[in-house]
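1. just the structure for this:
(one chain, ligands or ions: 1)
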Amino acid sequence: MNKPQSWEARADEFSLYGFTDLPSVHKRGAVVLTHGEGPYVVDVNGRRYLDANSGLWNMVAGFDHKGLAEAAKAQYDRFPGYHAFFGRMSDQTVMLSEKLVEVSPFERGKVFYTNSGSEANDTMVKMLWFLHASEGNPKRRKILTRMNAYHGVTVVSASMTGKPYNEVFGLPLDGFFHLTCPHYWRFGEPDETEEEFTARLARELEETIEREGADTIAGFFAEPVMGAGGVIPPSKGYFQAILPILRKHAIPVISDEVICGFGRTGNTWGCQTYDFMPDAIISSKSLTAGLFPMGAVILGPELSDRLQAAVEEIEEFPHGFTASGHPVGCAIALKAIDVVMNEGLAENVRELAPRMEAGLRAIMDRSDHIGELRGVGFMWALEAVKDKATKTPFDGDLSVSERIANTCTDLGLICRPLGQSIVLCPPFILTEPQMDEMFEKLEQALNEVFAEIA
Ligand SMILES: *Cc1c(COP(=O)(O)O)cnc(C)c1O
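-> Sure, this is the predicted structure:
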């Protein structure tokens, strides 16, 4: 085999890139990384980048946290792998389930483990289908989500995702419905107040339930703040308006907290930030601070009881992954929860969130081409617009957000282009000087790119 020489060429030759803007990577080559230091990552050429994306939202404790690595090593030495089938599971798995229920908003509950957020959403859908059928409602199979929601990439979680790119796979499957995205700035009518917009979305939900029949709907899934949709917090009063409708029709409410969970919004859970009580929580990403692939379904008291009763009847829940509740993943998650909650990380997000908002707002105010700043905690997006007053986007062919992100990369800052917005979701350990570095590099990149295209 004749291997190409450079890391970039080798990456290109042998790896199929997922979710990658190919024109950018063809022109620039892949960034191949070797290690990290705090919130920075370092590439094969020794270049350092401040990773204002926390890897993929998940490396919340940075890239070289000693305690987390030690917890992993200790568990690899003690008991390096096991499953959670046939009534056996590791002690770490037992302890993590206790911990997750303890830190959840639920009084009691039950936890089921997967290897990813996508699988956790798939698992939740199977739980709902099974549960409803067992209770004599086999028609309750439809799933409600929202446009721009991101719930993953497996066949079911991609069907729940409200993004047009899934059309290339012939998805969504039948029975997956996407309601209007609660993004007032973009989808509000010109003469509509935010409250009226929220009320319209609540009416849409009610009408959808009536049209489809409540007795055909299995559940409603929502991210408290949409993440990969472009950091979209709900419109004012959104969850307070829709929850009563869902409750009235006995439709379980699932909070997909894969991004929001464990401190990203300033509270442990996004549903706490937006003040609603779901029936179950989906967790992943920062659950292990990015050190192990793991997802979890955390059922609240009612769904725990109902699912348990359904399972007792058939004597077994026929579902699970080989590595569900992996002891190393569980040991890391136990440590990650401790690190986030007790080493000042969650506190740092709460304390520095106003500073992050103010810094980004100042950048927006100085720019003619940032139309909206939105976010909460340590998750923010700046939306580029050709014209601030009319909110007119740039011509798609200009790839404005990709250019901004690429220019940031050249300056040593990693941020993510999403639609025409730039997403910033730094690790929770970010310091004030590092935040200033992020602001400076971002603004320089914005200025350079807008000077080129506007
Ligand atoms: C990332 C994400 C998922 C999917 O998680 P994977 O581990 O990538 O499968 C699901 N829901 C939300 C909200 C996410 O951000």
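2. report the separation between the residue of the chain found nearest the ligand and residue 150.
-> As assessed by C-beta to the nearest ligand atom, the ligand sits closest to residue 117 within the chain, at 2.4 Å. To be clear about C-beta, it is placed using only N, CA and C from the backbone, and glycine gets the same treatment. For residue 117, the distance to residue 150 equals 9 Å [C-beta to C-beta, to the nearest Å].
3. list the buried residues in stretch 157-169.
-> 157, 158, 159, 160, 161, 162, 163, 166 (16 or more other C-beta atoms under 10 Å).
4. now the end-to-end length of that stretch.
-> 13 Å (C-alpha to C-alpha, to the nearest Å).
5. run the chain-centre distance for it.
-> Taking C-alpha atoms, centre = their mean, to the nearest Å, the mean C-alpha location of stretch 157-169 is offset from the chain mean by 16 Å.
6. that stretch - what's its average pLDDT?
-> Confidence over stretch 157-169 (mean pLDDT, whole number) is 97.
7. outside of the helix or strand hosting residue 271, which residues touch it?
-> Using DSSP states H and E, residue 271 sits in helix 270-273. Contacts to helix 270-273, defined as C-beta atoms under 8 Å, 6 or more residues apart in numbering, come from residues 105, 223-225, 239, 255, 257, 259-261, 264-267, 277-278, 281, 376-377.
8. now the buried members of those.
-> Here, 16+ other C-beta under 10 Å leaves 105, 223-225, 239, 255, 257, 259-261, 264-267, 278, 281, 376-377 buried among the contacts of helix 270-273.
9. restrict the residues you listed to those near the ligand?
-> Applying C-beta under 6 Å from any ligand atom, the subset of the buried ones among the contacts of helix 270-273 adjacent to the ligand comprises 223, 259.
10. from the buried ones among the contacts of helix 270-273, which land in helices?
-> residue 239 (DSSP state H).
11. now stretch 246-263 - C-alpha only, CSV.
-> Extracted as CSV, the C-alpha positions of stretch 246-263 are listed here (Å, rounded to 0.1, in the frame of the first residue of the first chain):
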residue,chain,number,x,y,z
LEU,A,246,-49.5,17.6,26.1
ARG,A,247,-50.6,16.7,29.6
LYS,A,248,-54.3,17.1,28.7
HIS,A,249,-53.8,14.5,26.0
ALA,A,250,-51.6,12.2,28.1
ILE,A,251,-48.6,12.6,25.8
PRO,A,252,-45.3,11.9,27.5
VAL,A,253,-42.9,14.8,27.4
ILE,A,254,-39.2,13.9,26.8
SER,A,255,-36.5,16.5,27.4
ASP,A,256,-33.5,15.8,25.1
GLU,A,257,-30.8,17.2,27.4
VAL,A,258,-27.9,15.7,25.5
ILE,A,259,-26.4,19.2,25.2
CYS,A,260,-28.2,21.1,27.9
GLY,A,261,-27.7,18.5,30.6
PHE,A,262,-25.0,18.9,33.2
GLY,A,263,-24.6,22.7,33.4
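12. pLDDT averaged over it - what is it?
-> Here the average pLDDT along stretch 246-263 is 98.
13. for stretch 105-115, same thing?
-> For stretch 105-115, the per-residue pLDDT averages 98.
14. what stretches of the stretch 51-200 of the chain score poorly on pLDDT?
-> Counting by pLDDT under 70, the stretch 51-200 of the chain contains no low-confidence range.
15. show me what from it comes close to the ligand.
-> 116, 117, 118, 121, 150, 151, 152.
16. now the fourth one, what's its secondary structure?
-> Yep, that's residue 121 we're talking about. Put simply, residue 121 is helix when judged by DSSP: H, G, I helix; E, B strand; the rest coil.
17. may I ask which of the residues of the stretch 51-200 of the chain next to the ligand has the most neighbours?
-> With neighbours defined as other C-beta atoms under 10 Å, the most crowded of those is residue 151; it has 32 neighbours.
18. show residues contacting the helix or strand hosting residue 440.
-> Element membership for residue 440, per DSSP H and E: helix 432-453. Here helix 432-453 makes contact (C-beta under 8 Å, 6+ apart) with 38-39, 50, 52, 352, 355-356, 359-360, 363, 366-370, 382, 384, 394, 398, 400, 403-404, 407-408, 411-413, 415, 422, 424, 426, 430.
19. tell me how this structure divides into domains.
-> What automatic domain parsing lists as the domains of the chain is 31-64+344-453, 69-342.
20. would you turn those domains into a markdown table with distance to residue 11?
-> Shown next, in a markdown table, are the domains of the chain (distance: least, C-beta to C-beta, whole Å):
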| stretch | distance to residue 11 |
| --- | --- |
| domain 31-64+344-453 | 6 |
| domain 69-342 | 21 |
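21. ok, which of those comes nearest residue 14?
-> When the domains of the chain are compared by C-beta to C-beta, domain 31-64+344-453 sits nearest residue 14, at 12.0 Å.
22. what separates that closest one from the chain centre, distance-wise?
-> 17 Å.
23. again with stretch 131-138
-> On C-alpha atoms, centre = their mean, the centre of stretch 131-138 falls 30 Å from the chain's centre.
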